[in-house]
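Enquirer: for reference, the sequence and a predicted model appear below.
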Amino acid sequence: KQEVTQIPAALSVPEGENLVLNCSFTDSAIYNLQWFRQDPGKGLTSLLLIQSSQREQTSGRLNASLDKSSGRSTLYIAASQPGDSATYLCAVTSSGGSYIPTFGRGTSLIVHP
Amino acid sequence: EAGVTQFPSHSVIEKGQTVTLRCDPISGHDNLYWYRRVMGKEIKFLLHFVKESKQDESGMPNNRFLAERTGGTYSTLKVQPAELEDSGVYFCASSLDVASEAFFGQGTRLTVV
């Protein structure tokens, strides 16, 4: 059974810092890994999708990397802004037959002006 | 193009009552997922449809929960009778196929009192 862990659980930083959010998973047999953002009281917004054959994906100030063999992904946020404040969730879709995205608990990020 | 839409956005019901949540996936998406987030916990998988068929319902908590997807379009999730522990946010997601990006709705916040 796939288990996903996100570290840290919470992070508070001043504006302008570069950030790294971590996601680890126990079963390296994956289809893909997806990073989401959730604002308070809102749904999940997809940020980046990395297929198992890929090493990284970039979108604007966001860069996500994937190391399947070590069961890790990182989400790098460059030059953080107060608008980046949200909960960031990692979801891993395993290739073992169920094809169900499994979520971590998320990292709650606050960026101070 | 419309995203995944969920109705209602909020629902407050008394213990023992019945509630039906609805999810309209993105048109053409065969895969539809239901998830639930109980306060303080991670987002947990409930059920996966491929078109109108239940592909995986291993996450359904008990037989008070019934999901349907008639005609392979929209889906409903009925809770009957509702219990206090059913409170949480219910998310629906859809994707073109299991390897594709999953898109989430805004969620339905269910409160059982």
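Expert: That came through, no problem.
Enquirer: for stretch A:94-112, buried residues please.
Expert: Within stretch A:94-112, the residues scored as buried using 16 or more other CB atoms under 10 Å in any protein chain shown are A:94, A:98-109, A:111. From N, CA and C alone the C-beta is placed, and that goes for glycine too.
Enquirer: identify the farthest-apart pair in these.
Expert: By the measure CB to CB, A:98 and A:111 form the most distant pair in the buried residues of stretch A:94-112, at 35.8 Å.
Enquirer: okay, and the helix or strand of chain A with the least pLDDT?
Expert: Ranked by mean pLDDT, DSSP states H and E, the weakest helix or strand in chain A is strand A:101-103, scoring a mean of 92.
Enquirer: adjacent strands (with direction) for that strand?
Expert: strand A:86-94 (antiparallel) (DSSP bridges).
Enquirer: and the partner strand, C-alpha only, in PDB?
Expert: Extracted in PDB, the C-alpha atoms of strand A:86-94 (Å, rounded to 0.1, in the frame of the first residue of the first chain):
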ATOM      1  CA  ALA A  86      -1.600  27.900   0.700                       C
ATOM      2  CA  THR A  87      -1.500  24.200   1.500                       C
ATOM      3  CA  TYR A  88       0.600  22.300  -1.000                       C
ATOM      4  CA  LEU A  89      -0.300  18.600  -1.600                       C
ATOM      5  CA  CYS A  90       1.500  15.800  -3.300                       C
ATOM      6  CA  ALA A  91      -0.400  12.900  -4.800                       C
ATOM      7  CA  VAL A  92       1.200   9.700  -6.200                       C
ATOM      8  CA  THR A  93      -0.500   7.400  -8.600                       C
ATOM      9  CA  SER A  94       0.800   3.900  -8.300                       C
END
